[in-house]
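1. please find the sequence and the predicted model below.
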Amino acid sequence: MQCFDANKSLIVLDQDSTLVAVIEMSLSGWLVAGVVPGLKRQPKKKLDPDPDALLALLQRWRNEAMKAGRQVERMTVAYEAGRDGFWLARWLNGRGIEAYVIHPSSIPVPREHRRAKTDRLDTELLMRAFLGWLRGEVKHCTMAAIPTLEEEDAKRPNREHQMLTGERTRLINRLKSALIRLGIRNFKPTLGKAAERLAELRTPEDVPLPENTLAELKRDMARLSLVKDQIKAIERDRLVRIAKAANHGPNVMVQLIAQVIGIGLETADMLVQEILSRNLRDRRAVARYGGLTGSPDESGSRRREKGLPRSGNSRVRRGMIEFAWRFLQFQSDSPLAEWYRNQTQSGRKDVRKRTIVALARKLLIALWRLATQGVVPEGIALRKASATH
């Protein structure tokens with residue numbers, strides 16, 4: 001079996017025996033466009049979001065090719081990554097149809113002002129990009145690796161934890177803001193008995209909280225309590241999962257990464273599920289997927305850096321930059337921390353920002369080598385493995 005290459009197809013394209021289809025997907029319907037061997041026209045068909053109807057359409061086009069004297073030996077389908085995720089690609093692959101998911105940002109589009117945009121025109125762009133990829137043209141467009149259902153499901157606890165943590169912060173800030181508006185600044189919503197203390201609070205005018213405000217604060221405290229309980233439940237379930245299958249591949253990686261001083265179990269689990277468990281080619285691919293490479297803008301004599309790209313995994317990028325700052329605090333004697341201090345001796349803010357991203361990139365590559373090859377980063381202190389449980 002040939003390896004998957006996101007930048008080009010490794011299978012030689014024979015258009016006389018290959019049915020090529022692309023799907024422009026929306027919430028209400030699908031527009032399917034095809035290139036069918038033996039047909040001069042390029043058929044298009046609107047469908048309800050129904051995989052069985054799609055399969056019947058592909059079979060009908062295959063029969064039309066046979067009537068035109070062509071034998072279809074290969075059927076390929078592609079669509080853009082989006083709300084529907086990867087379920088359709090898995091469903092089609094299970095029925096003998098090659099299915100691919102295209103990174104939307106990798107599809108070139110016209111740059112004229114106020115260009116026309118319709119589903120029909122979008123399918124033409126998709127088809128042009130997909131055909132170029134099938135012909136083996138390098139970086140004509142980029143395909144996403146299709147995860148299994150288990151791999152997708154493994155990401156959910158960490159992503160839910162991140163969402164709930166953000167919700168907890170929003171609720172705390174809202175509670176504090178409501179009280180500050182009344183002149184109360186010393187109330188801490190995170191304390192265990194905070195909900196009980198609400199009725200005892202008094203404003204600087206020595207009056208109790210207004211009735212509507214008190215009711216609102218109680219409801220927010222109830223939401224905060226629920227969110228905190230859900231966060232704790234996710235964290236408990238993670239510990240149980242790792243303990244039950246400690247020798248399972250991703251769990252082994254989590255325990256390895258969590259040995260690095262400055263990384264908690266939450267960050268270790270996020271890194272493993274989002275990037276380290278993926279079969280990435282080399283350190284450059286790791287840095288690109290982590291969104292920690294630059295965006296150079298070079299034309300003629302102009303040379304400038306536009307900052308971090310929007311491509312890559314935003315969770316990994318954010319988590320690694322946060323870890324880079326913690327790394328300087330917890331591992332200040334390491335060679336990488338010394339390198340950061342040497343690079344930022346000028347004290348300029350822009351230099352610090354660029355260098356912390358470079359440090360995050362170096363740390364991500366070091367963690368990737370630790371998780372996949374067992375290579376302990378030089379000069380980086382590790383805690384005992386038992387401390388991660």
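-> Yes, it's here.
2. what ranges do the helices span in the stretch 51-200 of the chain?
-> Using DSSP state H, counting those that start in this stretch, the helices found in the stretch 51-200 of the chain span residues 51-67, 87-93, 119-134, 149-154, 156-180, 194-197.
3. try the stretch 201-350 of the chain
-> Counting by DSSP H, counting those that start in this stretch, the segments of the stretch 201-350 of the chain that form helices are 211-244, 249-257, 265-271, 283-289, 314-330, 335-343, 349-373.
4. now the end-to-end length of stretch 20-33.
-> This stretch, stretch 20-33, spans 8 Å end to end (Cα to Cα, to the nearest Å).
5. hang on, the earlier thing: switch the helices of the stretch 51-200 of the chain over to TSV; also include mean pLDDT, mean neighbour count and distance to F330.
-> Placement of C-beta: from N, CA and C, glycine included. Listed next are the helices of the stretch 51-200 of the chain as TSV, based on pLDDT from 0 to 100; neighbours: other Cβ atoms under 10 Å; distance: least, Cβ to Cβ, whole Å:
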stretch	mean pLDDT	mean neighbour count	distance to F330
helix 51-67	96	16	50
helix 87-93	96	17	41
helix 119-134	93	19	44
helix 149-154	93	13	28
helix 156-180	96	15	21
helix 194-197	90	14	31
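6. out of the ones you listed, nearest to D350?
-> Of all those, helix 156-180 sits nearest to D350, with 28.2 Å by Cβ to Cβ.
7. identify the residues contacting the closest one?
-> 185, 187, 189-190, 201, 213, 216-217, 220-221, 223-224, 227-228, 230-231, 234-235, 237-238, 266, 269-270, 273-274, 315 (Cβ atoms under 8 Å, 6 or more residues apart in numbering).
8. quick check: angle from it to helix 314-330?
-> 70 degrees (axes from the mean of the first three to the mean of the last three Cα atoms, to 10 degrees).
9. what's the most buried one of the helices of the stretch 201-350 of the chain?
-> For those, the largest average neighbour count (mean count of other Cβ atoms under 10 Å) is found in helix 265-271, namely a mean of 23.
10. which residues does that one contact?
-> By Cβ under 8 Å, 6+ apart, helix 265-271 touches 157-158, 161-162, 235, 238-239, 254-255, 257-258, 315-316, 319-320, 322-323, 364, 367, 371, 388.
11. the chain - how does it break down into domains?
-> 18-146, 153-244, 249-296+306-388 (automatic domain parsing).
12. start to end distance for the second one?
-> The first and final residues of domain 153-244 sit 17 Å from each other (Cα to Cα).
13. ok, back up a step: closest to I380 out of the helices of the stretch 51-200 of the chain?
-> helix 156-180 (23.1 Å).
14. how big is the angle separating the closest one from helix 211-244?
-> Using the same axes, to 10 degrees: helix 156-180 against helix 211-244 is 160 degrees.
15. from the chain's centroid, how far away is helix 156-180?
-> 21 Å (Cα atoms, centre = their mean, to the nearest Å).
16. with stretch 306-318 instead?
-> 10 Å.
17. hmm, who's touching it?
-> 103, 105, 159, 162, 270-271, 274-275, 288-297, 357, 360, 364.
18. let's see it at 7 Å
-> 105, 162, 270-271, 274-275, 288-293, 295, 297, 357 (Cβ atoms under 7 Å, 6 or more residues apart in numbering).
19. quick check: mean pLDDT of that stretch?
-> For stretch 306-318, the mean pLDDT works out to 84.
20. shaky segments in the protein?
-> 1-4, 385-389 (pLDDT under 70).
21. re earlier: reformat the helices of the stretch 51-200 of the chain as CSV; add distance to Q329.
-> Output for those, formatted as CSV (distance: least, Cβ to Cβ, whole Å):
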stretch, distance to Q329
helix 51-67, 51
helix 87-93, 42
helix 119-134, 45
helix 149-154, 30
helix 156-180, 21
helix 194-197, 30
